[in-house]
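**Q** the following block contains a protein sequence and its predicted model.
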Amino acid sequence: MTTASVIIDELEAALKVGSTDRRIEVLRRVTSLFVNNAKNYSADQAALFDDVFGWLVKEIESTALVELSRTLAPIATAPPAIIRRLAWDDKPEVAAPVLAMSERLSEGDLVELARSKGQAHLVQIAARPSLTEAVTDVLVECADPEVAKTLAGNSGARFSETGLWQLVKRADEDDVLAEGIAARSDLPTYLFRQLVTQAADKVRQKLLASAKQDTRRAVEQVLGNISDRYRKAALSRDYAEAQRKISALGQDTARIKVEVLGFAQNEELPELIVALAMLSAMPVELVEQLMHEGDSFGLLVLCKATAMDLTIMHAVLAARPGPGLSAEELDELSATYLKLSISSAQRALRFWQTHKKFQPRSGPAGMAAPKGPNGSSAA
């Protein structure tokens, strides 16, 4: 008797009786039939199983669906439609096995699921043996603390630079997440520096103790520079005069960018910070923080999000208080800047602004973003 005949007979028998118990019994038998010979079925035969599974799981209790999900999840040749049906189930216990391990879920499936499902689904995706940058970018943006920690501890997860930067930003005031990120082998030194810079003293010492000697020495030097920088920078100064000056430039984005270059070259820090805040529609306090951080990447992201050209980006980074960048560091940052897309940079800034806790000053905290040619904000 052919496989098709067996499946059809089983399906017809289940549909004739119509009871849930009978459907579950037949589902188990069809599942067993598939599992026992999964490697040898042709694409047409797998498609037939897919159709049968689709019929049998209608109006069936979740316990049977959990069993089916656990059985099919490890099978690389599992029928794709039923895998997607299980992955999209609103009950986390049904979706969990296929979300965590099924190879039948594409990158596009995982991105869509990560954007639309709850945290119980996301934590299963975050634990998959391997994850692409496209998936981790979405997970970082949507994740709660538990999902973020799972993602940080997943050695098979690949991250874009903005994705790792966002994860590091999330670790501010989350000691467990900070330690998980610091243990990653793919964490660039500049992000390790940022992680240590923002950590509480107790965690900072632990992170430094686990670092290589050269890295530890470099980070300690940066920490000293940052301490001096903050003492000398008069942070959260009164930006009222700079805001009046920038407001006088109107809403011409191109003109403001030209002025940004001049402010940077002349080291007019209040005007530079306010202009960048205006272009990015970010609060002045957050731009001020990026300007004084121990690493340049956040400021680089801001410049990219506002579509600055390379020359202006270089000038903005050079205007930061403290030691300047070496030629090698500038070359590395330039390569990153050219690779980074404007949309990715904008998403990273929006994410950070959403998750950042800060107390606005009593006066104006920011300025309206200038309008581009189509009337939308520059960022």
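**A** That came through fine. Not measured: the values here are computed from a predicted model.
**Q** tell me where this protein has strands.
**A** With DSSP state E, there are no strands along the chain.
**Q** output the lowest mean pLDDT helix or strand found in this protein.
**A** helix 213-233 (a mean of 56; mean pLDDT, DSSP states H and E).
**Q** domain-wise, how is the chain divided?
**A** Residue ranges for the domains of the chain, per automatic domain parsing: 169-233, 240-355.
**Q** okay, those in CSV with distance to Lys149 next?
**A** Where you see a C-beta, it was placed from the backbone N, CA and C, and this is true even at glycine. Listed next are the domains of the chain as CSV, based on distance: least, C-beta to C-beta, whole Å:
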stretch, distance to Lys149
domain 169-233, 5
domain 240-355, 15
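**Q** would you format the ones you listed as TSV with distance to Ala87 and mean neighbour count included?
**A** As requested, these are arranged in TSV below (distance: least, C-beta to C-beta, whole Å; neighbours: other C-beta atoms under 10 Å):
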stretch	distance to Ala87	mean neighbour count
domain 169-233	26	16
domain 240-355	24	18
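**Q** compare those domains and say which comes out lowest on pLDDT.
**A** Among those, domain 169-233 has the lowest mean pLDDT, at a mean of 74.
**Q** circling back: so which of the domains of the chain comes closest to Asp44?
**A** In terms of C-beta to C-beta, the element of the domains of the chain nearest to Asp44 is domain 240-355, at 41.0 Å.
**Q** end-to-end on the closest one?
**A** 26 Å (C-alpha to C-alpha, to the nearest Å).
**Q** before we move on, what about stretch 53-69?
**A** 11 Å.
**Q** name the residues of it that are buried.
**A** Phe53, Leu56, Val57, Ala64, Leu65, Val66, Glu67, Leu68, Ser69 (16 or more other C-beta atoms under 10 Å).
**Q** that stretch - what's its average pLDDT?
**A** 87.
**Q** now it, how far from the chain's geometric center?
**A** Distance of stretch 53-69 from its chain centroid, counting by C-alpha atoms, centre = their mean, to the nearest Å, is 33 Å.
**Q** what residues does it touch?
**A** Here stretch 53-69 makes contact (C-beta atoms under 8 Å, 6 or more residues apart in numbering) with 11, 14-15, 20, 23-24, 26-28, 30-31, 79, 81-82, 85-86, 89, 91, 93-98.
**Q** just the buried members of those?
**A** Applying 16+ other C-beta under 10 Å to these flags 11, 14, 23-24, 26-27, 30-31, 79, 81-82, 85-86, 89, 94-98 as buried.
**Q** of the buried residues of stretch 53-69, just say which sits nearest to Phe351.
**A** Nearest to Phe351 among those, counting by C-beta to C-beta, is Ser69 at 31.5 Å.
**Q** ok, now how distant is that closest one from Ala114?
**A** 18 Å (C-beta to C-beta, to the nearest Å).
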